[in-house]
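Colleague: based on what follows, work out the 3D shape:
(one chain, ligands or ions: 1)
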Amino acid sequence: MELRKAEVLGFCGGVRRAVRMIERELEEGPLETLGAVVHNPRVVAELERRGAHVISSLEEARSGRVAITAHGVGEKVYREIEARGLELIDTTCPIVLRAQRAAASLAEEGFKVIIFGEADHPEVRGLLGWTKGSGVAVLDPTAPLELPRRAALLSQTTKGAELFAQFVGRFLEHHLGRLGELRIINTTCPETGRRYEAAKELSRWAELVLVVGGRNSANTRRLAETCARMGIETHLIEEAAEIDPRWLIGKERVGVTAGASTPDSAIAAVIQRLEELAGREVLAC
Ligand code: SF4
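Modeller: As a prediction, this is how the structure comes out:
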């Protein structure tokens with residue numbers, strides 16, 4: 001059996017940076033994180049063990065130090081942190097920060113900000129929190145919308161440029177006639193696209209693909225969908241123990257990829273388990 005990892009997989013730059021920042025801060029003592037630092041139960045449990053407790057509201061903050069995750073938060077949350085006198089550890093990803101700034105300045109200029117994304121995703125909630133109430137999150141570009149003369153389109157960073165382009169195209173078909181001015185800001189993250197491209201490449205080669213990551217991670221689920229759409233047997237697993245040896249029967253080429261919130265240690269454990277099941281060192285690259 002030949003085993004291959006996707007060229008790009010696992011932690012993206014933003015998540016890696018956020019986890020490192022939290023780890024550094026933990027050397028100074030315990031802290032709370034407003035929401036999970038990454039959508040990966042394994043990483044969250046390890047950080048929790050070291051003193052980073054996940055809270056869902058600032059009222060629960062006990063340590064006096066609170067970390068904002070890579071997904072970022074809205075303007076009101078910063079104000080509340082300050083009002084409560086909490087020390088802020090801001091791990092917002094710089095790419096998300098750029099999207100927040102775009103949302104804020106467009107709202108300031110009087111544009112209705114339309115965000116292509118899931119309304120309940122933490123990053124989208126944060127982006128909406130910079131639009132002074134003028135923002136809305138939509139997934140369906142044909143959905144009926146109250147539109148003023150000026151509108152702007154932004155994307156949840158993890159949607160990827162390809163999906164955003166499709167969204168923009170259909171949005172134009174349906175709504176352009178009602179608009180006087182439309183701004184389009186490409187706030188997609190290149191890291192996401194690179195992961196999908198690498199997963200597709202892997203799927204062209206493999207007979208079986210294992211996608212490692214949290215089931216609560218939207219981008220991990222989409223990676224799995226991407227591979228499955230290529231017609232390849234695909235399994236999303238959170239850890240090595242979930243590998244069913246029967247999946248490997250008759251497979252000569254097995255690929256491994258991982259979501260942007262999956263730590264290197266989880267990927268290494270999956271590779272190790274596959275090697276054990278294959279009974280020899282098989283990693284090709
Ligand atoms: S996927 Fe991109 S935008 Fe999101 S945290 Fe990672 S680097 Fe930042």
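Colleague: thinking residue 116 is in contact with residue 165, fair?
Modeller: No. The pair residue 116 / residue 165 is not scored as a contact, 10.2 Å apart, by Cβ atoms under 8 Å. No exception for glycine: its C-beta is placed from N, CA and C like everyone else's.
Colleague: pick out whichever of the two has more residues nearby.
Modeller: residue 116 (23 against 14; other Cβ atoms under 10 Å).
Colleague: distance of that one relative to residue 269?
Modeller: Taking Cβ to Cβ, to the nearest Å as the measure, residue 116 falls 35 Å from residue 269.
Colleague: can you check residue 222 too?
Modeller: Plainly put, residue 222 is 23 Å away from residue 269 if you go by Cβ to Cβ.
Colleague: which one of the two has more residues nearby?
Modeller: More crowded of residue 222 and residue 269, by other Cβ under 10 Å: residue 222, with 20 against 17.
Colleague: might you report the residue contacts of the one residue in the chain that gets nearest to the ligand?
Modeller: Proximity of the chain to the ligand (Cβ to the nearest ligand atom) peaks at residue 14, 2.5 Å away. Residue 14 is in contact with 70, 93, 94, 95, 96, 189, 191, 260, counting by Cβ atoms under 8 Å, 6 or more residues apart in numbering.
Colleague: secondary structure class for it?
Modeller: Secondary structure for residue 14, judged by DSSP: H, G, I helix; E, B strand; the rest coil, is helix.
Colleague: so where do the helices sit in the stretch 101-250 of the chain?
Modeller: Using DSSP state H, counting those that start in this stretch, the helices of the stretch 101-250 of the chain run over residues 122-128, 161-175, 190-205, 218-229.
Colleague: just name the most buried of these.
Modeller: Mean neighbour count (mean count of other Cβ atoms under 10 Å) peaks for helix 122-128 among those, with a mean of 23.
Colleague: what is the mean pLDDT for it?
Modeller: Averaging pLDDT along helix 122-128 gives 96.
Colleague: what residues does that helix touch?
Modeller: Surrounding helix 122-128, the residues in contact under the criterion Cβ under 8 Å, 6+ apart are 35, 69, 71-74, 77, 92, 96, 99-100, 103, 113, 115, 117-119, 135-137, 154, 156-158.
Colleague: quick check on those residues: which are buried?
Modeller: Applying 16 or more other Cβ atoms under 10 Å to the contacts of helix 122-128, the neighbour count classes 35, 69, 71-74, 77, 92, 96, 99-100, 103, 113, 115, 117-118, 135-137, 154, 156-158 as buried.
Colleague: so which of those are in strands?
Modeller: Members of these lying in strands (criterion: DSSP state E): 113, 115, 135, 136, 137, 154.
Colleague: and the contacts of residue 14, which two are the farthest apart?
Modeller: Farthest-apart pair in the contacts of residue 14 is 94 and 260; separation 14.7 Å (Cβ to Cβ).
Colleague: more neighbours: which of the two?
Modeller: In this view residue 94 and residue 260 are compared by other Cβ under 10 Å, and residue 260 has more residues nearby, 28 against 10.
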